[in-house]
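Chemist: A structural model of the following input is requested.
(one chain, ligands or ions: 1)
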Amino acid sequence: MINAQQKKLLQDLAAKHGTPVLVVDHEKLRQNYLEFREKLPTVQAYFAVKANSDPAIIKTMYDMGASFDVASFQEFMKVYNNIKHLPEKDRQQFIWDNIIYANTIKPASILKKLNIYKPLVTFDNIEELKKIKKNAPDVRLVLRIRVPNTGSMVELSSKFGVHPGEAVDLMEEAIKMGLGVEGISFHVGSQCNNFENYVLALSLSSSIFKEAKLRGLDIGFTDKDGKRMKVLDIGGGFPVKYTPDVKSFTLLAKKINSEIKRMFNGDVDPIAEPGRFMVANACTLVTKIIGKSIRDGKTCYYLDDGVYNTFSGQIYDHQSYPLHSFKDGEKKVCATFGPTCDAFDTISLSDELPEDLEIGDLLYAENMGAYTTASSSFFNGFKPTKIIAINKYAPFDPCPCGSGKQFKDCGILNTEEHTSLHHLMSKDTNGKESKEKKSETKVVEKEKAQK
Ligand SMILES: Cc1ncc(COP(=O)(O)O)c(C=O)c1O
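Modeler: Numbering: from 1, shown residues only. Next comes the predicted model:
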């Protein structure tokens with residue numbers, strides 16, 4: 001739950017920018033990235049852009065030293081925009097070391113384009129392999145295997161991943177075609193609350209690597225010390241605490257660290273593709289009541305955002321986002337609907353809200369950063385929700401106003417980013433600590449990039 005000060009900020013932002021508006025807290029993004037890196041220190045984090053491809057979010061992730069998982073050439077270019085100013089050699093190095101095109105199915109035309117940049121790409125079937133051989137023989141390959149997705153909110157194994165029993169044969173086919181196979185990837189299903197999925201997937205990966213070795217297949221890449229290493233891509237799935245029953249990421253991270261240590265002999269380079277974990281809790285939606293009625297005795301609120309827009313996550317991501325009122329009042333079970341002419345555009349038939357809210361009042365919903373605006377549409381002509389940033393700059397970043405001062409020391413611009421960050425800094429003396437953590441993380445990323 002958010003406090004009174006945060007509520008005031010959300011209301012001010014809604015007044016300034018209009019509604020519906022998705023407020024992205026970049027300080028929270030930075031914290032999420034640092035938490036991931038601290039708890040899984042050997043795992044390189046490739047932010048899964050599909051969760052939220054807002055350019056400002058990608059930029060913050062880039063500034064933190066993140067790597068990227070892209071699912072389309074459009075997403076690839078959104079990441080590329082952050083590196084296009086680099087000298088060609090550094091740009092290419094970044095693509096090699098920090099981007100994975102983790103969509104197992106790629107049109108031939110896209111493969112041709114990818115062959116220019118040569119990122120890591122995933123595959124899971126022989127037809128894809130033939131297409132890759134013909135159109136993108138220079139990309140480096142990671143084989144996606146099918147793993148149990150039991151207990152995950154969004155299941156992916158019905159569509160993706162070669163059966164583990166066929167994995168080594170497929171890698172052998174790729175090698176016979178003259179393609180380079182660097183490792184294995186899996187995805188345990190998104191919002192995974194069953195940690196055994198990771199253990200089973202790691203165990204399957206370990207067995208596949210062992211069998212490939214027995215068959216004499218040369219899987220992997222040569223690192224900067226000349227050692228043969230294999231990519232072990234543990235995918236996404238890292239759960240977000242939407243509700244108290246969601247298990248702790250700290251526990252999961254401990255399990256993953258110990259199982260990787262136990263099952264692999266230090267010859268794997270672990271990477272992950274966290275999407276939801278990075279963005280979900282960094283975003284809060286503010287929406288306005290645009291209509292009100294009583295139907296069958298129940299109060300119904302009609303909002304300016306709905307399931308064809310930011311609440312699309314309810315449909316595609318199977319997530320719910322309880323709405324809260326800025327006004328106090330006795331709560332009753334109410335219905336909330338989106339603005340379109342479709343009855344399917346029902347946000348909830350049981351949101352707990354005061355009954356006496358009026359047209360023009362604002363509501364908010366937290367944890368709306370992942371798979372929300374990402375899948376919104378223009379249905380009925382309504383535009384996707386506006387996305388705005390707060391705390392965009394880290395305290396020790398140079399201030400974008402050009403004063404030459406660090407952002408935390410600069411009061412020249414009186415934007416909400418300045419105001420809210422300065423406010424945060426005066427409350428929170430951990431700013432220094434987070435700078436140190438950030439630079440530590442950058443060092444780790446740099447070391448990895450030199451491999
Ligand atoms: C290949 C791949 N990687 C990563 C992700 C991100 O997963 P999550 O948001 O659960 O971390 C997804 C989500 O669908 C995916 O399909």
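Chemist: Run through the residues that contact the residue nearest to residue 32 when sequence neighbours are not counted.
Modeler: Nearest non-adjacent residue to residue 32, counting by CB to CB, 6 or more residues apart in numbering: residue 278, 5.0 Å away. Yep, even glycine has a C-beta here, placed from its N, CA and C like the rest. With contact taken as CB atoms under 8 Å, 6 or more residues apart in numbering, residue 278 is in contact with 29, 32-33, 36, 45, 47-48, 51, 61, 66.
Chemist: Quick one: distance of the one helix or strand residue 278 maps to to the chain centre.
Modeler: Using DSSP states H and E, residue 278 sits within helix 276-279. Computed by CA atoms, centre = their mean, to the nearest Å, the chain-centroid distance of helix 276-279 equals 4 Å.
Chemist: Just among the contacts of residue 278, which is most surrounded?
Modeler: For the contacts of residue 278, counting by other CB atoms under 10 Å, the largest number of neighbours falls to residue 47: 31 neighbours.
Chemist: Against which helices or strands is the helix or strand that contains that one packed?
Modeler: Following DSSP H and E, the helix or strand that holds residue 47 is strand 44-48. If contacts are counted by 3 or more CB pairs under 8 Å, 6 or more residues apart in numbering; DSSP states H and E, strand 44-48 sits against helix 26-39, strand 67-70, strand 268-272, helix 276-279.
Chemist: For whichever helix or strand comes after that strand, buried residues please.
Modeler: On the C-terminal side of strand 44-48, the nearest following helix or strand under DSSP H and E is helix 55-64. Buried positions in helix 55-64, judged by neighbour count with 16 or more other CB atoms under 10 Å: 57-64.
Chemist: which one of those sits closest to residue 325?
Modeler: residue 57 (27.6 Å; CB to CB).
Chemist: how about the residue of the stretch 251-400 of the chain found nearest the ligand, phi and psi?
Modeler: Nearest residue of the stretch 251-400 of the chain to the ligand (CB to the nearest ligand atom) works out as residue 275 at 2.8 Å. Dihedral pair for residue 275: phi -110, psi -70, per degrees, to the nearest 10.
Chemist: So residue 193 is in contact with residue 239, correct?
Modeler: Yes. Using CB atoms under 8 Å, residue 193 is in contact with residue 239, at 5.4 Å.
Chemist: for the residue of the stretch 251-400 of the chain closest to the ligand, what are its contacts?
Modeler: 47-52, 69, 190, 236, 370-371.
Chemist: Contacts only, for residue 151.
Modeler: 189, 192-194, 197.
Chemist: Local confidence estimate at the residue of the stretch 251-400 of the chain closest to the ligand?
Modeler: At residue 275, the predicted lDDT confidence score is 98.
Chemist: next one: the one 10 residues further on
Modeler: Reading off the confidence values, residue 285 has pLDDT 98.
Chemist: Give the pairing partners of the host helix or strand of it; include direction for each.
Modeler: Taking DSSP H and E as the criterion, residue 285 maps to strand 283-295. According to DSSP bridges, strand 283-295 forms sheet pairs with strand 21-25 (antiparallel), strand 298-303 (antiparallel), strand 362-365 (antiparallel).
Chemist: Which residue lies closest in space to residue 164, excluding its sequence neighbours?
Modeler: residue 204 is the one closest to residue 164 (CB to CB, 6+ apart), at 4.8 Å.
Chemist: Quickly find the element holding that neighbour.
Modeler: helix 196-214.
Chemist: Same question for residue 171.
Modeler: helix 164-176.
Chemist: Report the distance from that helix to the chain centre.
Modeler: 30 Å.
Chemist: okay, it in PDB with CA atoms only?
Modeler: The C-alpha trace of helix 164-176 is given here as PDB (Å, rounded to 0.1, in the frame of the first residue of the first chain):
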ATOM      1  CA  PRO A 164      14.700 -33.100 -23.500                       C
ATOM      2  CA  GLY A 165      15.000 -36.600 -25.000                       C
ATOM      3  CA  GLU A 166      15.500 -35.000 -28.400                       C
ATOM      4  CA  ALA A 167      17.800 -32.200 -27.300                       C
ATOM      5  CA  VAL A 168      21.200 -33.700 -28.000                       C
ATOM      6  CA  ASP A 169      20.100 -35.000 -31.400                       C
ATOM      7  CA  LEU A 170      19.000 -31.500 -32.400                       C
ATOM      8  CA  MET A 171      22.300 -30.000 -31.100                       C
ATOM      9  CA  GLU A 172      24.100 -32.600 -33.200                       C
ATOM     10  CA  GLU A 173      22.100 -31.600 -36.300                       C
ATOM     11  CA  ALA A 174      23.000 -28.000 -35.800                       C
ATOM     12  CA  ILE A 175      26.700 -28.800 -35.400                       C
ATOM     13  CA  LYS A 176      26.600 -31.000 -38.500                       C
END
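Chemist: Which residues belonging to that helix are considered buried?
Modeler: In helix 164-176, counting by 16+ other CB under 10 Å, buried: 164, 167-168, 170-175.
Chemist: contacting residues around it?
Modeler: 123-126, 129, 141, 143, 145-147, 162, 181, 184, 204, 207-208, 211-212, 215, 217-219.
Chemist: So what touches stretch 381-393?
Modeler: With contacts defined as CB under 8 Å, 6+ apart, stretch 381-393 is touched by 9, 13, 17-18, 20-28, 54, 56, 60, 285, 305, 308-310, 339-340, 373, 376-378, 399-400, 407, 416-417, 420-421, 424.
Chemist: returning to that earlier point: in ChimeraX, how would I select just the buried ones from the contacts of helix 164-176?
Modeler: To isolate the buried members of those in ChimeraX, using 16+ other CB under 10 Å:
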select :123,124,125,129,141,143,145,146,147,162,181,184,204,208,211,212,217,219
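Chemist: can you tell me which of the contacts of helix 164-176 are in helices?
Modeler: Counting by DSSP state H, the part of the contacts of helix 164-176 found in helices is 126, 129, 204, 207-208, 211-212.
Chemist: Format the residues you listed as a markdown table; extra columns: distance to residue 319.
Modeler: As requested, these are exported to a markdown table (distance: CB to CB, whole Å):
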| residue | distance to residue 319 |
| --- | --- |
| 126 | 35 |
| 129 | 35 |
| 204 | 28 |
| 207 | 34 |
| 208 | 32 |
| 211 | 38 |
| 212 | 38 |
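Chemist: nearest to residue 258, of these?
Modeler: residue 204 (17.3 Å).
Chemist: ok, that closest one touching residue 157?
Modeler: No. Taking contacts as CB under 8 Å, residue 204 lies outside contact range of residue 157: 11.7 Å.
Chemist: got any residues that touch both of those two?
Modeler: Listed contacts common to residue 204 and residue 157 are residue 147; contacts here mean CB under 8 Å, 6+ apart.
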